[in-house]
Structures are given as C-alpha cells and as structure tokens.
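**Q** can't give you the sequence, but here's the structure:
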C-alpha cells in the first residue's frame, strides 16, 4: 500500500474501522514517520513498544466477525 500517513484515516473510516483504531493508526504511523524521515533511532524498549502497538492496531482494526461465521465452520 502506497499511502501517506495523512491519507490513511479517511480510508480506514470508509472501511468502517472504529475511531479508536483510526487514532491508534495515526499515532503509530507518526512514530514510524519520525524514524523514517527525521532519523529518530529508538532504543530496544521503544522498539518493543512499537511492535506491541502494531499488534494492538491490528486488533483494533480487524473486521468484526459476521454473525453465523463461527457456526458454519466445522459444520458437516
């Protein structure tokens, strides 16, 4: 995906992501931008925090399960 940090929130909104996920994405990407463009070099602890934040971001923006999906799996 080739998008800027500023372009992503409207795309996430259109996809139905919750506002908390959109805000988390903006914070995460701003942190990434500081590393990529401003030359910030986070230490090991900050790097671990970023990885944990990325996992939380995925959880926040994961589509909700469709009703009946869990029941149809494993049905004979």
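**A** Yep, that arrived. The structure displayed is predicted, hence computed values, not measured ones.
**Q** burial of residue 25, as a residue count?
**A** Neighbours of residue 25 under the rule other C-beta atoms under 10 Å: 21. Placement of C-beta: from N, CA and C, glycine included.
**Q** give me the element the most centrally placed residue in the chain is part of.
**A** Centroid-nearest residue in the chain, with C-alpha atoms, centre = their mean: residue 57, separated by 3.4 Å. Per DSSP states H and E: residue 57 is located in helix 44-61.
**Q** ok, the closest residue to residue 26 other than its chain neighbours to residue 58 distance?
**A** Leaving aside its chain neighbours, residue 26 sits nearest to residue 9 (6.2 Å; criterion: C-beta to C-beta, 6 or more residues apart in numbering). Going from residue 9 to residue 58 by C-beta to C-beta, to the nearest Å gives 17 Å.
**Q** higher neighbour count, these two?
**A** Using other C-beta under 10 Å as the criterion, residue 9 and residue 58 rank with residue 9 on top: 16 against 11.
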